[in-house]
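Visitor: Predicted model and sequence follow; I will ask about them next.
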Amino acid sequence: MENSKDLRKWLDDMALPHPLVIAGPCSAETEEQVLKIAHGLKDTDVNYYRAGIWKPRTRPGNFEGVGAIGLKWLQKVKAETGLKTATEVANKAHVDLALEHDIDLLWIGARSTVSPFIVQDIADALKGTDKIVLIKNPVNPDLSLWLGAVERFSKANIKNLGVIHRGFSTYEKSKYRNIPEWQMAIELQTRFPDLPLINDPSHITGKRDMIFDVSQTALDLNFDGLMIETHHDPENAWSDAAQQVTPKTLIQIMRDLKIRKETDEEAAYNNELSNLRAQIDVIDNQLIDIMGRRMKVSDGIGKLKKQKNVAVLQTNRWNAILGKMILEGESKGLSEEFVLKMFKAIHQESINHQEKILNS
C-alpha cells in the first residue's frame, strides 16, 4: 500500500495519553437521548462521539435510523460538549450529508465493506477531503477484501485512514456475537504496522458483560483504540440493547483497563523472554513434525480406502474423535473453541490428502 506511513498521522497528531476512544449509542433515537449521553461522556477519555444515523438492518421493518435529522443533533453535541463526532456512511448521499454537517469521522460498516462497488462510490465521494475514515472488517473473515477497501480509499488520496476490527460472522456455536478471529487482525497489523487498528468489543461480544475482557485483549495486542457503544438506558435502546453500556460503566472500564508497554529494556526480562520463545520455537517444530507424520498415516488410510472403494468421510468416527479431543483439551487448559478449530483444520487437511490419493 502506497504511503502507508501517512495513515497513522491523524492518530499521532492527537498525541493521546491513552488509546483512542470512540463511544456513543448504537443508534441516535431522539435529540434528548443523543445529548444526554454526550453530556455523560463529556470530560472523559472519549475522543469521538459516535451515533448511528442510518442503520442497515438484516430484515426490513426494524428500526433503520432517524436519518439526516440526527446529523443536526450531532452538531449540537459538538457545540455543547466539544466532542468530535462520528457516524457510519453507506453511500454517496450519506457522505454528502455528513460532510455538510461537518462530521469529523466516518466509518464504513461491515455490510458495506463486502462490496467493492459500494466502497468505491464512497471513496470517490470523499476524494480530496481530510476526513478520518475507518473501515470495519467485512462480515466474513476475508483479509484481502478488508485490505482492498483500504486500498480504494488510499488511491482516492484519503490519508487519514484506519480500520475497525468488529469480529466475523460464523455458523458455529460461539459465546461471541461475532467471533474475533484475532489472528486476522494480527496479520493485518503485521503487514501494515502504520495502519491504525481500532477494536469494536460491542459487536464482537453482543453482551455488555464481556466488553471489558475483549477490550483488554485488544490492548494487550497493541490495538490503537476502542469503539464502545454507550447508552444512558441500554435496556430500552432501540437497537442492540444487550451490548451497550452506560456512560458510568464506560468510565469505569477505561479506569480498569491496563495499558501494556510494547516492550521492556531490562536485561533480565529480555533474557527470560528469549528463553521462553526458544522453548516455543522447539515445540512449534515438534508440532510440524507430528503433523507431517500424522498426514503420512492419513495417506496410508487413503490408499487402503482406494483399494476397497470406501468413502473418505466417516462421520461417526469423526464425531467420536472430536468429542474425545474436546474433553482431552479441556483437561490441558485448552478452550473448546480452540480444539474445534484445530481439529477441523487437521481433519480437512487429512481429507485433502485422502481425496488426492483416491482421485490419482
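Guide: All right, it came through fine.
Visitor: what's the spacing between the lengthiest helix in the chain and its chain's center?
Guide: Determined from DSSP state H, the single longest helix within the chain is helix 267-308. From the chain centre to the centre of helix 267-308 is a distance of 29 Å (Cα atoms, centre = their mean, to the nearest Å).
Visitor: and for the helix or strand that it is followed by, what are the contacting residues?
Guide: Using DSSP states H and E, the helix or strand that follows helix 267-308 towards the C-terminus is helix 315-331. Helix 315-331 is contacted from outside by 335, 336, 338, 339, 340, 343, 347, using Cβ atoms under 8 Å, 6 or more residues apart in numbering. For every residue, glycine as well, the C-beta is placed using N, CA and C.
Visitor: Now intersect these with the helices, please.
Guide: Using DSSP H, those in helices are 336, 338, 339, 340, 343, 347.
Visitor: would you list these in a markdown table and tack on neighbour count?
Guide: Listed next are those as a markdown table, based on neighbours: other Cβ atoms under 10 Å:
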| residue | neighbour count |
| --- | --- |
| 336 | 15 |
| 338 | 11 |
| 339 | 18 |
| 340 | 17 |
| 343 | 18 |
| 347 | 15 |
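Visitor: Domain-wise, how is the protein divided?
Guide: What the record gives for the chain is the domain set 4-256, 267-358, from automatic domain parsing.
Visitor: Reformat those as TSV; add mean pLDDT.
Guide: Below are the domains of the chain laid out as TSV (pLDDT from 0 to 100):
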stretch	mean pLDDT
domain 4-256	94
domain 267-358	91
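Visitor: Return the most buried member of these.
Guide: Most buried of the domains of the chain, by mean neighbour count (mean count of other Cβ atoms under 10 Å): domain 4-256, with a mean of 19.
Visitor: which stretches of the stretch 51-200 of the chain form strands?
Guide: 84-88, 105-108, 132-136, 161-165, 197-199 (DSSP state E, counting those that start in this stretch).
Visitor: sorry, back to before: export the contacts of helix 315-331 to CSV and tack on distance to residue 41?
Guide: Below are these laid out as CSV (distance: Cβ to Cβ, whole Å):
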residue, distance to residue 41
335, 34
336, 37
338, 36
339, 41
340, 39
343, 45
347, 48
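Visitor: Would you mind measuring from residue 11 to residue 20?
Guide: Relative to residue 20, residue 11 is positioned 6 Å away (Cβ to Cβ, to the nearest Å).
Visitor: Residue 65 versus residue 55, what's the distance?
Guide: The value you get for residue 55 to residue 65, if Cβ to Cβ is used, is 4 Å.
Visitor: let me redo that: residue 259
Guide: With Cβ to Cβ as the criterion, residue 259 and residue 65 are 34 Å apart.
Visitor: With residue 24 instead?
Guide: Taken as Cβ to Cβ, the span from residue 24 to residue 65 is 14 Å.
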